[in-house]
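# I'd like to go over a predicted model; first the sequence, then the structure.
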Amino acid sequence: MGEKYEPKIAALICTYCTYTAADMAGSMRLQYPPNVRVVKLLCTGKVDVIYLLEIFKAGADAVMVSGCEIGDCHFLEGNLRAKERVAHAKTLLDEAGLGGGRLEMFHIGASDAPKWAQAVLTMTRRALELGPNPLGRSRPRPAAAQIVEEHRA
Amino acid sequence: MIVAQRKPFAEIAEAAAGYRRVLVAGCGTCVAVCLTGGEKEAGILAAQLDIAAQLGEREQAFGVACVERQCDREFLDELAAQVAEHDAVLSLACGAGIQFLAERYPDTPVLAGVNTTFIGINNDVGVWGERCRSCRDCLLSVTGGVCPIALCPKGMLNGPCGGAEDGKCETDRERDCAWTLIYQRLENTGRLANLEPIITARNHQASLPGRQVHPAYERRYSAHE
């Protein structure tokens, strides 16, 4: 292909915490890799295993899910459910041969903009190490948000 | 309900490897409740198989369907159009559903995606326990609602055996002794006299395939009709 590999990372993040932190990171002019595509959710408890698998099928090189710090969920336990589902999805990705390392769960409080910048850096580095996702190369790669939307319908 | 467990992914992928178009067929009743073979699980398995096929550079496509119950002909009929479009069907129903699907569509290879484990109950979120072996000779009225066939590893009809200690089973000290539970339950409900008669040997007719007709339908299915 000859093109430089720029990882595409989908981030499914909670509006009450990580999204606010990401917003604040912008206000603070924090620098972090531009490889992340943010999908705002009302709670990471909305994240389903099928979303995660479909995003990888569409060609995302890595996926991060980021919810509130443990104990701080606006809906009490949505982030705990997301944590369990992400762990399960990692197992399914290992089984399928893609590897669970492309997926990670983070917990970032609304005031913790530097932690968001660091998390994006961590996932970008990891996606660079793991190389391009071999899936979805031959088909159009719709945005993750669109895939999430299709599954909601 | 009937509880099942998904087969190891490698076993499923190997069974499906020889077919180009595979329909992953979920069942919306028991296996959906035990989070093994419902619509959601069918979608997840199809996505996983698709990923594995792409990585293995196999030309395969996976469809997803789910019917209310695979053990009812009316619901299986709904799959006709989709079955016709696929080379094989991977069923996530219990053993009964898989067999009925294969019987309804005899020209299409039907593959099993789950291992049916037992008739059981939901102990907690994501945890199920066996309660019934469908032995066709229920003792629960006598044994205080605790089944010695399903819950005693030896299936003892007149227990407890000498291996019970502090209410636990000798096969596993974490496991409650079914006969201790039976005694306690009968004692609490003033029915200890239930234990006096010896329960006689079981009728092992259960080893033959079962058939059941509801009394209201006996005339329709009687030999004279």
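Perfect, I can see it now. The structure displayed is predicted, hence computed values, not measured ones.
# in chain A, which helix or strand is least confident?
helix A:144-152 (a mean of 60; mean pLDDT, DSSP states H and E).
# Pull the distance from the one helix or strand residue A:116 maps to to the chain's centre.
Taking DSSP states H and E as the criterion, residue A:116 maps to helix A:113-130. Distance, stretch centre to chain centre, for helix A:113-130: 10 Å (CA atoms, centre = their mean, to the nearest Å).
# same deal with stretch A:80-94?
Using CA atoms, centre = their mean, the mean C-alpha position of stretch A:80-94 is found 12 Å from that of the whole chain.
# Show residues contacting that stretch.
Contact with stretch A:80-94 is made by A:44-45, A:47-49, A:52-53, A:56, A:65, A:67, A:70, A:73, A:99-105, B:9, B:44, B:48, B:51, as judged by CB atoms under 8 Å, 6 or more residues apart in numbering or on different chains. Quick note: C-beta positions are derived from backbone N, CA and C, even for glycine.
# now do 7 Å
With contacts defined as CB atoms under 7 Å, 6 or more residues apart in numbering or on different chains, stretch A:80-94 is touched by A:44-45, A:47-49, A:52-53, A:56, A:65, A:67, A:99-100, A:102-103, A:105, B:44, B:48.
# hmm, the host helix or strand of residue B:41 touching chain A?
Applying DSSP H and E as the criterion places residue B:41 in helix B:39-55. Yes. Helix B:39-55 is in contact with chain A by CB under 7 Å from any CB of the partner chain, via B:40, B:43-44, B:47-48, B:50-52, B:54-55.
# Same list, the residues you listed, but as a markdown table with distance to residue B:91 and pLDDT please.
Formatted as a markdown table, those follow (distance: CB to CB, whole Å; pLDDT from 0 to 100):
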| residue | distance to residue B:91 | pLDDT |
| --- | --- | --- |
| B:40 | 16 | 96 |
| B:43 | 15 | 97 |
| B:44 | 15 | 97 |
| B:47 | 17 | 97 |
| B:48 | 16 | 97 |
| B:50 | 18 | 96 |
| B:51 | 21 | 96 |
| B:52 | 19 | 96 |
| B:54 | 23 | 94 |
| B:55 | 24 | 95 |
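# Tell me the bridge partners for the closest residue to residue A:122 other than its chain neighbours.
Computed as CB to CB, 6 or more residues apart in numbering or on different chains, the closest residue to residue A:122 that is not its neighbour in sequence is residue A:104, at 7.7 Å. Counting by DSSP bridges, residue A:104 is bridged to residue A:64.
# Domains in chain B, by residue range?
Following automatic domain parsing, chain B resolves into domains at B:2-118, B:135-207.
# still on that earlier bit, how many other residues sit next to the residue nearest to residue A:122?
Using other CB atoms under 10 Å in any protein chain shown, residue A:104 has 17 neighbouring residues.
# Does it touch residue A:123 like I think?
Yes. Look at residue A:104 against residue A:123 with CB atoms under 7 Å: they come within range, at 6.3 Å.
# Can you pull the residues that touch both of these two?
residue A:64.
# in chain B, which ranges drop under the pLDDT threshold?
B:205-206, B:223-225 (pLDDT under 70).
# Close to chain A: what parts of it are there?
Taking CB under 7 Å from any CB, the part of chain B that reaches chain A is made up of B:9, B:40, B:43-44, B:47-48, B:50-52, B:54-55.
# For chain A, which segments count as strands?
A:9-14, A:36-41, A:62-67, A:103-107 (DSSP state E).
# which ones are touching the residue lying closest to residue A:79 once chain neighbours are set aside?
The shortest distance from residue A:79 to any non-neighbouring residue, by CB to CB, 6+ apart, is to residue A:67 (3.5 Å). By CB under 7 Å, 6+ apart, the residues touching residue A:67 are A:14, A:17-18, A:44, A:73, A:78-79, A:82, A:107.
# which of these lies closest to residue B:104?
Ranked by distance to residue B:104 (CB to CB), the contacts of residue A:67 are led by residue A:82 at 39.3 Å.
# Can you select the buried ones from the contacts of stretch A:80-94 in ChimeraX?
Selection of buried members from the contacts of stretch A:80-94 for ChimeraX, criterion 16 or more other CB atoms under 10 Å in any protein chain shown:
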select /A:44,45,47,48,49,52,53,56,65,67,100,102,103,105 /B:44,48
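# hang on, the earlier thing: and the residue nearest to residue A:79, how far from chain B?
Plainly put, residue A:67 is 19 Å away from chain B if you go by CB to the nearest CB, to the nearest Å.
# Residue 77: neighbouring residues, count only.
Using chain A. 14.
# Chain B was what I was after
10.
# hmm, back to that, contact partners of the helix holding residue B:41?
Contacts with helix B:39-55, where a contact means CB under 7 Å, 6+ apart, come from A:49-50, A:53-54, A:56-57, A:92, A:95-98, A:134-135, B:9, B:13, B:16, B:24-26, B:28, B:32, B:35, B:60, B:62, B:64, B:66, B:92, B:113.
# run the last query once more with 6 Å
A:49-50, A:53, A:92, A:96-98, A:135, B:13, B:24, B:26, B:60, B:62, B:64, B:66, B:92 (CB atoms under 6 Å, 6 or more residues apart in numbering or on different chains).
# which stretches of chain B form strands?
All strands of chain B, identified by DSSP E, fall at B:2-6, B:21-27, B:61-67, B:88-91, B:110-112, B:114-124, B:127-132, B:168-169, B:172-176.
# I'd like those strands written out as CSV, with mean neighbour count added.
Listed next are these as CSV, based on neighbours: other CB atoms under 10 Å in any protein chain shown:
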stretch, mean neighbour count
strand B:2-6, 21
strand B:21-27, 26
strand B:61-67, 19
strand B:88-91, 24
strand B:110-112, 21
strand B:114-124, 15
strand B:127-132, 15
strand B:168-169, 18
strand B:172-176, 11
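# Compare the ones you listed and give me the one nearest residue A:10.
Among those, the nearest to residue A:10 by CB to CB is strand B:61-67 (22.0 Å).
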